[in-house]
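K.L.:
requesting a structural model of the entry that follows:
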Amino acid sequence: MPAKLIRNAYEAALTMSAVLLCWAAALLLEGAARLHTDVLVLAVALTLTLSASQRTADTRRRLTALVVLPATAGVSIFLGRLIASHYAIGAAVYTAGMAFAIWIRRYGPEATKAGTLLALPLVALLVVPGPALPAEAQSGLVTWFWSALVGAIACACVWLVQWTGDRYGPWRADPAPEQPRRRSRLHPRPSTRMALQMAAGLAAAFAVGHLLFDDHWPWVVLTAYVAASGNRGRTDVLKKGIERLAGATLGTLLATGVAAVGVTGHASVALMFAVLAVALWLRPLNYAYWAAGMTCALSLLLGYFGQDAQHLLPTRLEGIAVGAVLSVAAAWWLLPVPRRRTAK
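P.N.:
Now for the predicted structure:
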């Protein structure tokens with residue numbers, strides 16, 4: 001266990017180095033172009049989500065990411081505007097995009113990796129708190145051009161840090177084993193089932209989130225996505241839903257405690273990065289640690305933008321619980337993937 005913790009710490013340090021490098025570049029960009037602070041949030045979100053998928057990538061995959069990620073990051077901004085102005089239409093487009101990113105796994109490993117890249121900016125759209133910001137902070141949100149540029153910067157930062165770590169660090173990335181592709185006998189295929197389950201869970205989350213939680217609908221949708229992603233069957237989704245809820249509860253309580261003692265401004269930003277580093281370190285041990293760290297970091301972020309973490313604590317936990325339940329229900333009752341099966 002100590003050896004694993006040390007290796008986990010090294011990988012977390014690489015990821016956080018890329019995050020901080022991208023954050024610093026976005027900070028310079030924000031000042032030079034007079035952008036809103038959400039460009040920093042987008043930079044951190046894209047770098048965090050990109051690091052894991054690029055850790056063992058070859059040159060071809062990295063060049064693919066350099067094309068796909070900025071393009072989809074730019075498109076995601078239009079999608080965010082669409083959700084804000086025409087919620088039902090935007091929610092339908094978002095749900096279809098996420099389902100498509102899963103469905104194309106049927107075409108093999110390369111399509112699976114492309115789908116992952118397509119999904120990253122969509123996940124970041126839920127993390128970047130546009131709809132949840134105070135009204136006075138929403139007028140200067142990042143545009144599609146700057147979003148695409150931040151996507152390219154995130155790629156560059158991740159590659160630079162990972163290349164430096166592999167060249168000069170104590171460990172190189174362990175190549176991910178290629179699984180032999182076997183044609184599934186299930187009809188529809190597991191990837192199709194997972195795509196339909198994701199679509200059902202997200203559609204329900206968008207509807208219930210808007211109906212019950214107003215501008216805080218992203219909490220419901222993000223939880224529904226997290227619980228259903230990488231679905232390996234009913235038990236897996238149920239386990240992720242429970243871990244997400246438990247971790248989110250702990251993370252929200254931690255953030256509420258921080259707000260209660262008066263940590264604000266730049267100190268809360270520094271604390272947010274520290275929390276993310278610890279969450280990355282412990283994530284391989286149990287997903288609940290990552291859920292707790294991400295929820296705490298998001299709570300600190302929204303507190304930085306002026307939201308009252310203590311006042312929103314019950315609402316946040318309710319939203320997370322509802323999202324988990326919706327995702328679990330979709331996985332259990334809509335074309336459930338049998339146990340010991342994975343998507344191809």
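K.L.:
can you give me the helices for the stretch 101-250 of the chain?
P.N.:
For the stretch 101-250 of the chain, applying DSSP state H, counting those that start in this stretch gives helices covering 109-127, 144-168, 190-213, 217-228, 234-260.
K.L.:
so which of those is nearest L63?
P.N.:
helix 144-168 (9.5 Å; C-beta to C-beta). The way it works is simple: take the backbone N, C-alpha and C, and place the C-beta from them, glycine included.
K.L.:
which neighbouring elements make contact with that closest one?
P.N.:
For helix 144-168, the elements it packs on are helix 2-33, helix 38-54, helix 59-85, judged by 3 or more C-beta pairs under 8 Å, 6 or more residues apart in numbering; DSSP states H and E.
K.L.:
most tightly packed of these?
P.N.:
helix 38-54 (a mean of 24; mean count of other C-beta atoms under 10 Å).
K.L.:
pLDDT of it, averaged?
P.N.:
Averaged across helix 38-54, pLDDT comes to 86.
K.L.:
quick one, it and helix 59-85 angle?
P.N.:
140 degrees (axes from the mean of the first three to the mean of the last three C-alpha atoms, to 10 degrees).
K.L.:
make JSON lines out of the helices and strands packed on helix 144-168 and add distance to L126.
P.N.:
Output for these, formatted as JSON lines (distance: least, C-beta to C-beta, whole Å):
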{"stretch": "helix 2-33", "distance to L126": "18"}
{"stretch": "helix 38-54", "distance to L126": "9"}
{"stretch": "helix 59-85", "distance to L126": "10"}
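K.L.:
related to what we said a few turns ago, for T47, which of the helices of the stretch 101-250 of the chain is the nearest?
P.N.:
helix 144-168 (4.6 Å).
K.L.:
quick one: mean pLDDT over that closest one.
P.N.:
91.
K.L.:
so how far is it off the chain centroid?
P.N.:
17 Å (C-alpha atoms, centre = their mean, to the nearest Å).
K.L.:
rewinding a little: ranking the helices of the stretch 101-250 of the chain by burial, who's on top?
P.N.:
helix 217-228 (a mean of 28).
K.L.:
counting contacts, what elements does the worst-scoring helix or strand of the chain on mean pLDDT pack onto?
P.N.:
When the helices and strands of the chain are scored by mean pLDDT, DSSP states H and E, helix 234-260 comes last with a mean of 76. Counting contacts by 3+ C-beta pairs under 8 Å, 6+ apart, helix 234-260 packs against helix 217-228, helix 265-282, helix 287-304, helix 309-333.
K.L.:
now what about the first one, what contacts it?
P.N.:
I take that to be helix 217-228. Applying C-beta atoms under 8 Å, 6 or more residues apart in numbering, the contact partners of helix 217-228 are 98, 123, 126-127, 129, 131-132, 194, 197-198, 201-202, 204-206, 208-210, 212-213, 237, 240-241, 244-245, 248, 291, 316, 319-320, 322-324, 326-328, 330-331.
K.L.:
same thing with stretch 322-331?
P.N.:
Residues contacting stretch 322-331 (C-beta under 8 Å, 6+ apart): 197-198, 200-201, 204-205, 208-209, 212-213, 219-228, 231, 233-234, 237-238, 241-242, 244-245, 337.
K.L.:
what mean pLDDT does it get?
P.N.:
Here the average pLDDT along stretch 322-331 is 85.
K.L.:
now do the buried residues in that stretch.
P.N.:
Going by neighbour count (16 or more other C-beta atoms under 10 Å), the buried part of stretch 322-331 is V322, G323, A324, V325, L326, S327, V328, A329, A330, A331.
K.L.:
could you redo those as TSV and give each row distance to L118?
P.N.:
TSV is the format used below for those (distance: C-beta to C-beta, whole Å):
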residue	distance to L118
V322	26
G323	21
A324	24
V325	27
L326	22
S327	20
V328	25
A329	25
A330	21
A331	21
